[in-house]
Structure formats: C-alpha cells, structure tokens
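S.K.: here you go, sequence then predicted model.
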Amino acid sequence: MRTIIILILILICSCLLSSGFAQQPDSLKLLNTEFITDQIENIASTTDLSIDYSDLVDEYLYYSKNPISINTNDRNILLELRLLNENQLNELEAYINSFGNIQSKFELATISGFDRQSVERLMPFISFSEQKHIAEKIKFKDIFKYGHHQFILRYSQIAEPSKAYSMPNDSAVFHPGTIYLGSPQKYYIRYGFDFNKRIKLGFTWEKDAGEIIFKNGLNDSILSIIGDKTGILNDFASFHLLISDIGPVKKAVVGDYHLEFGQGLTLWSGLSFGKSSEATQIKKFGRGIRANTSVNENRFMRGAAITLGFGGFEISGFYSKNNIDGNLLTIDSLENTGLTSVIETGNHRTINEFVDKDVMSIQSYGANISYRFKQFSVGLTAVQTNLDAPFLEAREIYKKFYFKGNSLTNFGLDFNYNFKKIKLFGEISSTNSMALAGIFGANLFFGDRFLMTLLYRNFSKEYFSFYNNPFREGSAGRNEKGYYFGIKVLLASKVSLNAYADFYNFPWIKYGVSSPSKGAEYLLQMNYAPSQNVNMYFRMKFDNKQENYRGDYDFITQVVFAEKKSFRFNISYSIFDFLILKNRIETVIYEKAGNSEHGYLLYQDVLYRPANFPLSVSFRYALFSTDGWDSRIYAYENDVLYAFSVPAYYDKGQRVYLMFKLDAFRNVDLWFRIGRTIFRDKTTIGSGADEIISNHKTEIKIQAKIRL
C-alpha cells in the first residue's frame, strides 16, 4: 500500500507541473448539497445492500455542468429535481411575467417564497440567461462532431485480506459458501456519450471484490457445478441508447432502462427519494423513461421502451426481459422448480452465490397513457409480468399473503390537480386478483411562508408489484397504512423550520415482528444561514416502532416498542473561497424493553478547492462510540465520481479518509482516495467469509475520467 501511495504522489506532482492550473467544475461540490446527501443517508440506513446511487444523482450532475435557464420554460425541470416546490415555481413565473427576466441570485431572493438557503441550493444548477431550449432537427454529421465522450476507469480494494481469500479457489468445492473464486480487487468501467441530451449512449461494467473476470482460472470441478453461469466478462455489464425530442418521439430507449410513473405505486423501477428533512418534498414527479446508469444488478428493465407525444397526450410502451438472482427449490419428481426468494445483493463470489445467479427470467410489458390539461393531469398504467418459474408458497407465516405463481398484472391510475394554493396528487393500483393499494396527498401553501404536506397511504397485505417504489415506511409497498404530516416554515430570510410526523401500522405480521404492529416517526430541524458562507442546522429525530423481543428468561417472544432518539448539529462554513470546513456532532439513544444503547459521532471535514489550481482535497477525521449495532450512525462521505460511501459508524473507534482530485490535463481528471476505520477494542472485523483479523480496515480507490 505504501508503494501505491508513493506512486500516486509522484503522479500528482508531475501532473501539477504539466497542467495549466485551470480546474474544471468539480461534481464533488454538488454532492455536498445537504438535501441530496441526507436522502442517501436515509436510504443507506434502511438496507444492508451496497447500493449504487448513480440513478439518483445523474440529473444533478448533468445540470451542474449544463445549467437550467431560470428565465425560460426549462425551469419546470427544477420541480422534477425537487429544487423548487410548486408554489415557488408559480411565484417565479408570476414574477417573470410581471417584471421580466431575473438577472441575479440577489433578485431571485426577493421573490415571495424564496429564502437564502433555497436560493443557494439552486445556484449550482441554474443560469440567468435568456436562451431557450429549441429542439432543432438533428443532423447526422453533427452528432459526433459536437457530442461528448466520457470514460471512467476505477480500481478499488480493501487492503486487509479477509478469511474468504485465505485458501486458493480450487478448495472452494469443499467450502462452497466461504471461499471467494475471484480476486479482492474491484473494477469499474463506464463510458458515456451525450449529444445535447437528445442522444445518449452508455456502457457500464463492474467486477465486485471476490468475483472473477474470466472463467479460465477455475478448475473443471467448479465449472461443472456452476455450469453456464459464467460469461465472457463477469460480473455485470449494462448498455443503453436513449434518444429524446425527435418529432413525436419524446423518448425512446434500447438496452437497460428505468420507468417512473405516477407516485411509484404501480410502476417505478429505480431508486426514489423518501422521508427526509425536506419535510414537504415527498410528492414524486415521474420522469417516464430513464436510462439505467447504475450497477444495481436486479432492479432495472432490459429491452426497449418508447414515449410518443401528441398535444396534451403522452403514450408510452415498453418490453423487458431480464434474468434475476434467487433461491430455487425442486418441487416434484420431474425436477420442476419454484422460487422461494429473490436475492438482490448482486454478489457472485462463491460457488453458492453462482448457483443462485440468473435462476429466473422475468418478462414485463405494458403501457402508460397520460393526459395533461392546464392544472390537471391523469395517467393510466398497465403492467404484465411473467416468470419462467413460479413463486412458491412460503412456509413462514409472515409471508402468507406474499405473491405466489408466475403471472401478475398490475393496473394503476394516478392524478395531479392544482387549485390555487392547493396541490392534490395520488395513485390507486390493483392486481389481477383485486388486491388494492392507494396513496393520496396534498401540498398546501398558506401564503408564501408556510407550507404543509398531508399524505395517506393504504397498501393491502395481498398487494404486490415487481417494480414499484412508493412513499412508505416498510421495505415493500404492501401491508401498510399510514398518515404523514410535514411542514416547512420560513421564519425569516435566514431561518427556516422543517418538521414531520409519520404514523403507520402494519395490519399483518412482518419479518421481525410476530404480530400486527405500529409505529411513529418524528423529525424537527431548524436551519440558520447567517451569511452566504455559513450554514447550520439542528435536528431532532424520534423513531418509535414495535419489534420482537425475547429476554433471557422469556419462553414466548414479546412484541415491544423500540425507541430511537437522535440529535444532530451540523455546520458548514467557508473561511476563504477555496476552503470549506464542516463539523457534525450527533448522539443516539436506543431503548428497548428496559435495555438501552448510547452512541455518538463527531467529525471534522476539510474541503480545499481552489478556483485556479488543479488540485482539490477532501479530508475527514471522525470519532465514534456506540454500545452496539442498534445505536449505529450513518454519515455520507465524499467519494470519487459515481462512487458512494455511507458507512455505519458503530462500536468504538476513529475513522479518517483523504481524497485528492487532480485536473491532470485538459481532459483528464484523476482521483485517489484512502480511508481507514480503526476500532479500539476489537481484534477482528466482520464475520464469516468477510472476517478480517485486524482492528482496522482500509479502503483504497484510484479513478481516472477522460473527456473527449
């Protein structure tokens, strides 16, 4: 590792001497935007999966380099990106109609409904130009003449060896679940081509740590077990070609893609924002067809889709056929098989994981028809999903109402209606077995200083969709009822208050809770921006829900309330234009059945980003102490472009990371990142195959971006 660091430092010094000191815009500055990182932290805290959040941030990255003109109709995109609310958009349009184009952020801050923080959040993505976006006829010769190519190459690795690499892969036959067949290195390659966002071509390939690239290194015994599960290039590859705004074709895609319609109840295949400190920003704005740019291996469509526009009507059709991982079970003497569960980790490191790879083919097709007229819009969605192996009836009682069979039909109706200061939205969905689910909400604007969001959801225990992602508390859009109340109050030009309360219940038992259960979640956050260079907030969050508990002397499992309280203070300030400092202190108290855990996290961030120097630096030093896993704390970390780090801080120790970004040449950017977690009272980290015999864990990443 020391050799790698020395080589990187030599490369940085040589590039500094050869570069022209003209730093390109750094997308890392974008990803420090608090409302984005807050959402990523929330998603990370609800799953143990390693998630690629590229699909969530791609649009923000694009518009940070190609700002949206706030003086044209393109400003409607800001609503889809959650950078504006509906009232702000209306006030903005009314101001421009009355007084003409906006010339600066200072003028923007004087418009009703805008405060300093909302303006500063907009600034990386907007311009004040008057140039309108006109979809001109595409000339073939201009596509490659004016299009932009981008290549990203990444290497990463955990420096300390884990138990899974302690024996050669030939011995994996005798240890099919604990010996990794591949090397500990992780590789990532991404190519993208963009022509004015009207023609986009992309390819992504990734090999996770422990996975193989070529099957040549496997012996015949292993190959006989995993069969044809190995391809030319393992592990994951994705491709897409997307065209937009060509005649009546609004969008068309071939390859891997996502679909987003309505409020995500019937069809929403990708990731989606949920509850956050932006308490009134829970309404979804479906963008229809979107290219898949992430390496999440099971939640995307593979095939083709098209959207046609005729006046106020848009008609979308799609077809997808993809293979997904799962657990198969032989169900009769003829060796017919059925599926017991879907595996979403995307890992294919061991023989057992290879056996579960691509075990089921899932075919989906359907359509969406939407109509928009002035302040009203409505959409109809139909999805047919067929499997080549049926889902079997589960033995676990909490899965009694889970989907069974190999064919499912979903129908959905969504709507939006704007009436002055009231914005109504919702969606109702059904399966072919008449299992119903509904979500209904309203955004209420009382003047320009007080905003309220109300939402009711009711998902029956029998409802199921393979591709949905509605607003919810549970891990799936079924077996849940709830009421959500959120407010945002602009107390002064420098002070705002966000708060929400979410009350929910699960009518049927679920994993980890052996009876119908309920819970509530509350959040209150005070934001203060005394100047352009200083932002701070204080947050209180309370989560109280029922869970199983069985004490040392209990014969029967009880259902008790588990309460988690967290308190956070966060401040970001610029001493100089090129130097940003961030501090956070967060404490957690977790209580369950008379037992309690306490924890805290304290960190210092230093971000050095000079305007006329090709090197930027990000640094964090963190101290943490928690009594256990239940009192863990998540915190977003700056990472290389299109990589994401949201570690869970738990037990006792310290963590540090250092990242360099170098604009080495005019069209070449380089990153080097190293992070280490050191535990105070541990001699091992992790468990099973991932166990490391050490008290520290070190991650190394090296990345290059080439633009043509």
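M.R.: On my side now, so go ahead.

S.K.: quick check: which ranges of this protein have low pLDDT?
M.R.: 1-32, 131-136, 231-234, 332-335 (pLDDT under 70).

S.K.: show me where it has helices.
M.R.: Secondary structure of the chain, counting by DSSP state H: helices at 2-18, 27-31, 34-44, 54-65, 77-80, 86-99, 105-108, 116-122, 140-146, 220-226, 351-355.

S.K.: adding mean neighbour count and distance to residue 448, write the ones you listed out as CSV.
M.R.: Placement of C-beta: from N, CA and C, glycine included. Shown next, in CSV, are the helices of the chain (neighbours: other CB atoms under 10 Å; distance: least, CB to CB, whole Å):
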stretch, mean neighbour count, distance to residue 448
helix 2-18, 12, 49
helix 27-31, 18, 28
helix 34-44, 19, 20
helix 54-65, 18, 25
helix 77-80, 17, 17
helix 86-99, 16, 7
helix 105-108, 15, 14
helix 116-122, 19, 12
helix 140-146, 10, 42
helix 220-226, 14, 62
helix 351-355, 21, 54
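
S.K.: closest to residue 258 out of these?
M.R.: Residue 258 sits nearest to helix 54-65 of all these, at 6.6 Å, using CB to CB.

S.K.: distance between that closest one and the chain's centre?
M.R.: The chain centroid and the centroid of helix 54-65 are separated by 12 Å under CA atoms, centre = their mean, to the nearest Å.

S.K.: name the helices or strands packed onto it?
M.R.: Counting contacts by 3 or more CB pairs under 8 Å, 6 or more residues apart in numbering; DSSP states H and E, helix 54-65 is packed against helix 27-31, helix 34-44.

S.K.: if we use 6 Å, what do you get?
M.R.: Packing contacts for helix 54-65, counted by 3 or more CB pairs under 6 Å, 6 or more residues apart in numbering; DSSP states H and E, involve helix 27-31.

S.K.: and residue 110, how many neighbours?
M.R.: Counted with other CB atoms under 10 Å, residues neighbouring residue 110 total 11.

S.K.: any idea how far it is from residue 529?
M.R.: Distance check for residue 110 against residue 529: by CB to CB, to the nearest Å, it reads 16 Å.

S.K.: for the helices of the chain, which one sits closest to residue 491?
M.R.: Smallest distance to residue 491 across these (CB to CB): 11.8 Å, for helix 116-122.

S.K.: mind giving me the packing neighbours of the closest one?
M.R.: strand 517-531.

S.K.: can you rerun that using 8 Å?
M.R.: Under the contact criterion of 3+ CB pairs under 8 Å, 6+ apart, helix 116-122 touches helix 105-108, strand 517-531.

S.K.: and the shortest one, what does it pack onto?
M.R.: In this case it means helix 105-108. When contacts are defined as 3+ CB pairs under 8 Å, 6+ apart, helix 105-108 packs onto helix 116-122.

S.K.: likewise the last one?
M.R.: For strand 517-531, the helices and strands in contact under the criterion 3+ CB pairs under 8 Å, 6+ apart are helix 116-122, strand 495-506, strand 534-549.

S.K.: just how off-centre is that strand within its chain?
M.R.: Chain-centre distance of strand 517-531: 21 Å, with CA atoms, centre = their mean.

S.K.: list the buried residues in it.
M.R.: Residues 517-529 are the ones in strand 517-531 that count as buried (16 or more other CB atoms under 10 Å).

S.K.: now the angle from that strand to strand 495-506?
M.R.: On the basis of axes from the mean of the first three to the mean of the last three CA atoms, to 10 degrees, strand 517-531 is oriented at 170 degrees to strand 495-506.

S.K.: each with direction, which strands does strand 517-531 pair with?
M.R.: strand 495-506 (antiparallel), strand 534-549 (antiparallel) (DSSP bridges).

S.K.: touching, residue 539 and residue 584? I think so.
M.R.: No: with contacts counted by CB atoms under 8 Å, residue 539 stays clear of residue 584, the gap being 10.2 Å.

S.K.: which residues are in contact with both of these two?
M.R.: Residues touching both residue 539 and residue 584 (CB atoms under 8 Å, 6 or more residues apart in numbering): 568-570.

S.K.: and residue 252, which of the helices of the chain is closest to it?
M.R.: Using CB to CB, those put helix 140-146 closest to residue 252, at 15.4 Å.
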